[in-house]
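Engineer: Have a look; sequence and predicted model below, questions after that.
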Amino acid sequence: EQSYTNIDVLGILTEVCSYCLSLAFIVVEMRFGVITSGPHFVFYFVNLLCHAVTFKSEVDEYLDNLYPKREEQTLFIMGCSELGLCTLMCFLNCWADKVELKIGLEDTNTCPRIHSSILNRISFSWCTGLVWTGFWKPLSMQHLWDSPSYISSRKIVTDFEEQIQSKNLNPERRVEAKNKKYLNPQPEEAASLNSALFKLFGGKLAFWGLVKSCSDLSQIASPLIMRELMGLVTQDLSNPSTRWKGFLYGSLLLVLGVMNSVLMTQYYEKMMVMGLQVKASLTSTLYKKSIKISSSAKQENSVGEIINLMSVDVSKISDSVPYINFVWTCGVQVLISGFFMYRELGVAALVGLGVLALSVPLHIVTTVLQQRLQTDQMKAKDKRIKMMNGVLNSIKVIKLNAWEPSLILKILKIRKSEVSCLKKGAVLNGIFYALINLSPFLVGFGAFASFLYIFPDQELTAAKMFVVLCYLSLIRIPLAQIPFTIIMVIQASVSIKRINNFLGCDEIDETSIKHEDSEKNDVAIGIENGIFKWRKGDQNILHGITTRIKKGSLTAIIGPVGSGKSSLISAILGEMEVTKGTINTVGKIGYVSQEA
C-alpha cells in the first residue's frame, strides 16, 4: 500500500490553497476590468515547470514497471491530465481578454498596449507595427498613438495638485486663513514639493527599486552557478545525477539571464514614464503659479528665470528619476559581490576591494570637473550667441562704422574659451573611461597577487579566478554609476529647492476683488474710492479712483506716459494692493498685455 508523508499532505494542501487564491484573484480582476494578469501568468508558468519535473519522474517510474497495477495506471492518467490542464491554463494566460469598449479613452487612435497580453508587454511586441512603419517611411503625428488615460497629463496633474498640502501651494487654504482675519498672523507654511512628489510617486519608485534589486541579485547568482557548472567538468558525466545537475545549472543560467533582461527593461520603461509624469506635473504647476504670482513676486522672478525653472530645473528632476534607485542598489550590489569575493579569496579580496575604494574618489573628482567644465562651456556659448544676435541685429551700424575687426576679435576670444572647455572635457572623458577600464585589471592583479603571497600553500583554481573576475566585472558598472548618480541626485535636490522657493512666492489676493452680479445693475466694472499700491510698504500709486464701466460698452483710457493707465488695468486685474475702496467685476476678463 502507498503511504503518504506529512510533506505530501502539506504539498497537496498548498496547491489547493494556491488554486483557490488564484480563483479569488480572477474574480477581483474581472470586477476591476483587468484583461491580462502578470501574477497569474507567472503562477501558471511556474506551476507548469514544477509539474513537468514531477511528471518526468512519474513517467520513468511507470515505464520501469513492466506490469503496473490498476492504481498506478490511474495515478499516471491523472498526472497526464493534470499536466495537460496546467499547460492549457498557462497557454490561456498568454492572451489578453477581448475588450469591446475602449478603456477610459475618448479617441480612436488607442495605444495597443492597453489591449495587449502580458507576453506582448514583456517583449514590447505591441509596438512592432510602429517600428516597421518608421523603418519604411518617416513617422508623423498621425502614426503616433494617444497616451493611455492612466499616464495622461490630465490625470497625473490632477493627482499631483491633490497631493499638495502646503499653504503656499494651496490657494483655497490661504484664502480661508485670510478670511479669519487673525490679529497676530503667523508666517505661511513653507512649500513642500518633496512631500507631494513622495506621496504620488514614492510607492511606485520603491516597488520598482525592489524589482531592480531582484535583477541585480540574478546577476550576482550567475557566477556561483557557473562555478558549480565548471566543477561538474571534472566529474563522471556518465552518472545520471551529474547529468541532471548539468541540465539544472544550465537551465538556471538561462532563466536568470532572461529574468535579468525582462526586469531591467520593465524597470527602465516604468521609470522613463514616471520621469515624464514628473515633468508634466511640475511644468503644469509652475505655469499655473506663474500666472497667479503677485507684482512683487514678478519683480523678484523674471520671465527668463521662470522659463529656466520650467525647462532646465524640471528636466534635471525628471532625468534623475530612473537613477534614484541606483543610489542604494549599486551599494548593495558592491557589498554582496565583495562578500562572495571574500569567500573565494579570503583576506586577499580586501586588497582588490581597497583598490576599488580608492578609484571611487577619482571617479567623483573627474565627474565634478566635467560638470564644471560643462557649466563654463554653456556660459561661454550663451555669451557668444548673445553677441552674435547683437551683431546681426545691428549689422548696418557696424558696417557704417567699420567695427567688424574689433567685434570679430571679441567673438573669437569667447569662442576660444568655449573650445578650451571642450578640449579639457575631452581629456577628462578619456581619463574617466581609462579609470573604468583599468580598475578591473588593477583590482584583479592586486587580489590574485595578494592571494598567492598570503596563502602560498593554497591552489588558485580556474573556478576561483573565474568567479572573482565575474564579480569584478559586475562591480565595475555600479562603481562607475555611483558618482554620476550622486551628482544627478544633488542637482535634482537643488532644482527642487529652487522650484520650492518659486512656489512659495506670494499670489494675487483673490479676495480683494468682488464678483457680485445683480440684474438691476448694468455695471460690468466698478471702482469706489479706490487707493492702490504695488506692494506692502510702498507708497500709494493711484488715489481716489471711482469709475463705472457699463456692460456692452467700449471704453478707452487716455493719458500721457506715466499717468497710471497700465496701473489702473493692473488694479482691475487684482495685481495691486488695495489700500482703500472696493472693486467689483462681473463675468470673466480677457487681457492682452502691451508687451505680448
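Structural biologist: Yes, it's here.

Engineer: what bits of this structure have low per-residue confidence?
Structural biologist: Counting by pLDDT under 70, the ranges of the chain that qualify are 1-8, 64, 66-68, 71-72, 98-108, 165-191, 237, 304, 518-520, 594-596.

Engineer: what's the single longest strand in it?
Structural biologist: Longest among the strand segments of the chain by residue count, using DSSP state E, is strand 523-533.

Engineer: Sort out which residues of that strand are buried, please.
Structural biologist: Applying a neighbour-count criterion of 16 or more other CB atoms under 10 Å, the buried positions in strand 523-533 are 523-527, 530-533. No exception for glycine: its C-beta is placed from N, CA and C like everyone else's.

Engineer: Please tell me how far Ser420 sits from Ala349.
Structural biologist: Separation of Ser420 from Ala349 (CB to CB, to the nearest Å): 43 Å.

Engineer: Between the two, point out the one with more neighbours.
Structural biologist: When neighbours are counted by other CB atoms under 10 Å, Ala349 comes out ahead of the other of Ser420 and Ala349, with 25 against 14.

Engineer: which other helices and strands contact the helix or strand encompassing the more buried one?
Structural biologist: Take DSSP states H and E as the rule and Ala349 turns out to sit in helix 348-393. Here helix 348-393 is seen to pack against helix 326-345, helix 404-454, helix 462-503 when contacts are counted using 3 or more CB pairs under 8 Å, 6 or more residues apart in numbering; DSSP states H and E.

Engineer: Now do the first one against helix 348-393, angle only.
Structural biologist: Taking axes from the mean of the first three to the mean of the last three CA atoms, to 10 degrees, one finds that helix 326-345 is oriented at 150 degrees with respect to helix 348-393.

Engineer: Which positions in helix 326-345 come out as buried?
Structural biologist: Of the residues in helix 326-345, those buried (16+ other CB under 10 Å) are 326, 329-330, 333-334, 336-338, 340-341, 344-345.

Engineer: Distance check, the nearest residue to Phe432 once chain neighbours are set aside against Leu217.
Structural biologist: Setting aside the residues directly before and after it, Phe432 is nearest to Thr366 in space (CB to CB, 6 or more residues apart in numbering), at 4.7 Å. Counting by CB to CB, the gap from Thr366 to Leu217 is 30 Å.

Engineer: same thing with Ser18?
Structural biologist: Taking CB to CB as the measure, Ser18 falls 24 Å from Leu217.

Engineer: If you count surrounding residues, which of those two has more?
Structural biologist: Counted by other CB under 10 Å, Ser18 and Leu217 do not tie: Leu217 has more neighbours, with 18 against 12.

Engineer: and the angle for the helix or strand the more buried one falls within with helix 462-503?
Structural biologist: Secondary structure assignment for Leu217, by DSSP H and E: helix 193-231. With the same axes, to 10 degrees as the criterion, the two stretches helix 193-231 and helix 462-503 enclose an angle of 170 degrees.

Engineer: From the contact counts, what lies against helix 193-231?
Structural biologist: helix 153-163, helix 240-290, helix 326-345, helix 462-503.

Engineer: next one: that helix to chain centre, how far?
Structural biologist: Relative to the mean C-alpha coordinate of its chain, helix 193-231 is positioned 15 Å out (CA atoms, centre = their mean, to the nearest Å).

Engineer: go on, stretch 586-596?
Structural biologist: 38 Å.

Engineer: Need the residues that contact it.
Structural biologist: Contacts of stretch 586-596 with the rest of the structure, by CB atoms under 8 Å, 6 or more residues apart in numbering, involve 515-517, 523-525, 551, 566, 569, 572-573.

Engineer: that older thread, for Phe135, which of the helices and strands packed on helix 193-231 is the nearest?
Structural biologist: Set against Phe135 and scored by CB to CB, these come closest in helix 240-290, at 20.6 Å.

Engineer: immediately after that closest one, which helix or strand?
Structural biologist: Moving toward the C-terminus from helix 240-290, the first helix or strand encountered (DSSP H and E) is helix 295-300.

Engineer: Export that following helix to PDB, keeping only CA atoms.
Structural biologist: Presented in PDB, the C-alpha positions along helix 295-300 are these (Å, rounded to 0.1, in the frame of the first residue of the first chain):
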ATOM      1  CA  SER A 295       3.500  92.000  -8.700                       C
ATOM      2  CA  SER A 296       6.200  91.900  -6.000                       C
ATOM      3  CA  ALA A 297       6.900  88.300  -6.900                       C
ATOM      4  CA  LYS A 298       7.200  89.200 -10.600                       C
ATOM      5  CA  GLN A 299       9.900  91.800  -9.700                       C
ATOM      6  CA  GLU A 300      11.900  89.100  -7.900                       C
END
